[in-house]
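Visitor: need coordinates for the following:
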Amino acid sequence: MHLINLKTRAREELIEITDDIINLLSTTYIESGMCIIYTPHTTAAVTINENADPDVQRDIIKGLESLSLEKVSYKHGEGNSPAHIKSSLLGCSLTLIIDKGKLILGKWQGIFFCEFDGPRNRIIHVKMLNH
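Guide: Numbering: from 1, shown residues only. Below is the predicted model:
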């Protein structure tokens with residue numbers, strides 16, 4: 001198991017971690033298998049999306065804001081219920097295929113850590129499985 005430590009800088013942001021995952025894979029010598037990426041935070045997520053245009057990251061955050069989750073009256077006392085909901089919508093884990101020693105990602109795809117309640121110190125767990 002590998003750990004990636006992140007310090008997020010904004011209340012909401014997407015941080016590309018593709019290179020971090022590729023670098024971890026390069027240390028494993030796995031030719032065929034799976035890569036599991038998991039974050040144990042209830043106000044964060046991981047996702048795969050376009051990494052060629054940084055406007056897509058901003059648009060994802062804006063799109064989630066358009067759900068108007070901040071306007072709902074919640075019982076949770078910490079004031080971060082919208083972050084919990086966004087985390088649930090995007091999800092806390094990803095599973096990727098490893099083939100010929102490389103992650104299978106589309107031409108424009110990148111892996112992102114999604115912060116919804118920052119800034120904070122965050123952890124991402126990465127497990128590479130050999131087949």
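Visitor: so where's this structure shaky on pLDDT?
Guide: For the chain, no stretch is flagged by pLDDT under 70.
Visitor: in its sheet, what does the helix or strand residue 6 falls within sit against?
Guide: Element membership of residue 6 [criterion: DSSP states H and E] is strand 2-7. Paired strands of strand 2-7, with direction, are strand 121-130 (antiparallel) (DSSP bridges).
Visitor: I'd like the distance from the partner strand to the chain centre, please.
Guide: 11 Å (Cα atoms, centre = their mean, to the nearest Å).
Visitor: now do the buried residues in that strand.
Guide: For strand 121-130, a neighbour-count test (16 or more other Cβ atoms under 10 Å) marks 122, 124, 126, 128 as buried. Bear in mind the C-beta positions are built from the backbone N, C-alpha and C, glycine included.
Visitor: which residues touch that strand?
Guide: 1-8, 17, 20-21, 24-25, 28, 30-41, 44, 46, 98, 113, 115 (Cβ atoms under 8 Å, 6 or more residues apart in numbering).
Visitor: do stretch 106-115 as well
Guide: 6, 8, 10-18, 21, 37, 39, 44-52, 57, 60, 86-87, 90, 94, 96, 105, 122, 124.
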